[in-house]
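Colleague: just the structure for this:
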Amino acid sequence: MTASSASTSETGTASAPPAVLEVRDLSVHFRQGRGHPPLRAVDGVSFAVRAGETVGLVGESGSGKSTIGRAVLGLNPVTEGRISFAGDDITRAAPRVRRRLSSRLQVVFQDPYSSLNPARTIGQTLAEPLLVHEKSGRAETAERVAAMLRRVGMPADAADRYPGQFSGGQRQRIAIARALMLSPQLVICDEPVSALDLSIQAQVMNLLAELQDELALSYLFIAHDLPVVRHLSHRVLVLYRGQVLESGDAGAVYDRPAHPYTQALLAAAPEPDPAAQRARRASRAAAKAEPGPPSPTGCVFAHRCPQVADRCRTERPELRVLAPEPAPRAVACHLVDELP
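Modeller: Okay, here's the model as predicted:
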């Protein structure tokens, strides 16, 4: 699947599918104790996920990508901004509203070993959402559990076994099955393959792509590895310290990264060919941190940027669209027109 071939712009067009999820000017701040300013985990992020689309959030640890996913799920309180799901404002939805939402908004977490209850059979785990939301009968529930297990590449008799009897890749398939039991519109995939071996990662990624095509799913896909995000995503947001530094068509961002941070992320990704890896890293200056924290008023990446100028340390760059571009792309960099 070449996800980037079906990209849509951030603003959309008259023929674009409707937005399943809209995030506008989202900020999430955390208190750090007396005498310390709040931690701006997410700082003014906007994007939309449309029907049948995958939007990838990529960045280093601490970039705010998982915090965004948790805010959409209602697990982190929103400081500012708005989150809409299927046209409804869910920014500060009450617990009862969140319970109803769970049939249409689901999540697959990173760790397949801790996301399943070891004391419950797989059948009991997968049946729970059906019993809670749909009051299905025992026979119908067992049939739907078996069908979903087969759909994710697991045998139907896995329903009678416990999580400890399965490998990490099998457990993640089961976690995906659980997320899909109620036919959700949107699935948040929070680092769903980072805990798996490389060969198993590819299998799970291919499964997610197949399920998206088959069930018309939308994904918010969160990862720290740009090549992994590019494989499944139509559009990508590159995050650093809670801000979007680059966004746009996944293929364009991967093949022609414009922001120095995106270039650094790509250069740090493993490359199977050692010679190609050395050449790629040598062609881009390594980002090295200056002493002290980033400027509170300038670009958040200025203290690490190899291209930094005085303006970068004092003025926050706006996220602006590059032109001309065959696919819409936006970059937050004062010097983007001068960079190689």
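Colleague: ok but Val107 is inside a helix, no?
Modeller: No: in this structure, Val107 is strand, not part of a helix, as judged by DSSP: H, G, I helix; E, B strand; the rest coil.
Colleague: contacts only, for it.
Modeller: Gly69, Leu73, Ala179, Val187, Ile188, Cys189, Asp190 (Cβ atoms under 8 Å, 6 or more residues apart in numbering). The C-beta positions use only the backbone N, C-alpha and C, and glycine is treated the same way.
Colleague: what sits up against stretch 153-160?
Modeller: Residues contacting stretch 153-160 (Cβ under 8 Å, 6+ apart): 121-123, 126, 142, 145-147, 149-150, 166, 170, 173-174, 177, 207.
Colleague: identify the farthest-apart pair in the contacts of Val107.
Modeller: Gly69 and Ala179 (13.1 Å; Cβ to Cβ).
Colleague: still on that earlier bit, out of the contacts of Val107, which sit inside helices?
Modeller: The subset of the contacts of Val107 located in helices under the criterion DSSP state H comprises Gly69, Ala179.
Colleague: what are the buried residues along stretch 117-126?
Modeller: Neighbour counts over stretch 117-126 (16 or more other Cβ atoms under 10 Å) mark Thr121, Ile122, Gly123, Thr125, Leu126 as buried.
Colleague: just stretch 94-102 next, same as before
Modeller: Per 16+ other Cβ under 10 Å, stretch 94-102 contains these buried residues: Leu101, Ser102.
Colleague: any residues touching that stretch, and which ones?
Modeller: Gly74, Phe85, Ile90, Ala93, Pro129, His133, Leu182.
Colleague: need the contact list for the residue nearest to Ala179 when sequence neighbours are not counted.
Modeller: Spatial nearest neighbour of Ala179, chain neighbours left out: Gln106 (4.0 Å); criterion: Cβ to Cβ, 6 or more residues apart in numbering. Neighbouring residues of Gln106 by Cβ under 8 Å, 6+ apart: Ala179, Leu180, Leu182, Pro184, Leu186, Val187, Ile188.
Colleague: 6 Å instead, please
Modeller: Ala179, Pro184, Val187 (Cβ atoms under 6 Å, 6 or more residues apart in numbering).
Colleague: which of Gly69 and Ala179 has more residues huddled nearby?
Modeller: Ala179 (24 against 21; other Cβ atoms under 10 Å).
Colleague: which ones are touching the more buried one?
Modeller: Gln106, Val108, Val187.
Colleague: what's the spacing between it and Ala127?
Modeller: 14 Å (Cβ to Cβ, to the nearest Å).
Colleague: inside strands: which ones of the contacts of stretch 153-160?
Modeller: Residues of the contacts of stretch 153-160 located in strands (DSSP state E): none.
Colleague: returning to that earlier point: among the contacts of stretch 94-102, show me the least confident.
Modeller: Lowest pLDDT among these: His133, with 85.
Colleague: wait, doesn't it sit right on Ser103?
Modeller: Yes: between His133 and Ser103 there is a contact at 5.0 Å, judged by Cβ atoms under 6 Å.
Colleague: what sits in contact with each of those two?
Modeller: With Cβ under 6 Å, 6+ apart as the test, His133 and Ser103 both reach Leu182.
Colleague: now the strands for the stretch 1-150 of the chain?
Modeller: 19-30, 39-50, 54-58, 80-85, 88-89, 105-108 (DSSP state E, counting those that start in this stretch).
Colleague: quick one: which of these is nearest Ala223?
Modeller: strand 54-58 (5.8 Å).
Colleague: check which helices and strands that closest one is in contact with.
Modeller: Strand 54-58 is packed against strand 218-223, helix 226-232, strand 235-240, with contacts defined by 3 or more Cβ pairs under 6 Å, 6 or more residues apart in numbering; DSSP states H and E.
Colleague: dump those to TSV, plus mean neighbour count.
Modeller: Converted to TSV, the helices and strands packed on strand 54-58 look like this (neighbours: other Cβ atoms under 10 Å):
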stretch	mean neighbour count
strand 218-223	27
helix 226-232	22
strand 235-240	28
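Colleague: Asp190 is in contact with Leu220, correct?
Modeller: No: counting by Cβ under 6 Å, Leu220 does not reach Asp190; the two are 8.6 Å apart.
Colleague: Arg313 in helix, strand or coil?
Modeller: Assignment for Arg313 (three-state DSSP): helix.
Colleague: mind listing what it touches?
Modeller: By Cβ under 6 Å, 6+ apart, Arg313 lies in contact with Ser295, Gly298, Ala302.
Colleague: filter the residues you listed to the buried ones?
Modeller: Buried subset of the contacts of Arg313 (neighbour count, 16+ other Cβ under 10 Å): Gly298, Ala302.
Colleague: which of the contacts of Arg313 lies closest to Gln201?
Modeller: Of those, the one sitting nearest to Gln201 (Cβ to Cβ) turns out to be Ala302, at 33.6 Å.
Colleague: show the pLDDT at the residue of the chain positioned farthest from its centre.
Modeller: The C-alpha centroid of the chain is most remote from Ala139, which lies 36.0 Å away (Cα atoms, centre = their mean). Looking at Ala139, its pLDDT stands at 91.
Colleague: Gly44 too?
Modeller: pLDDT, Gly44: 96.
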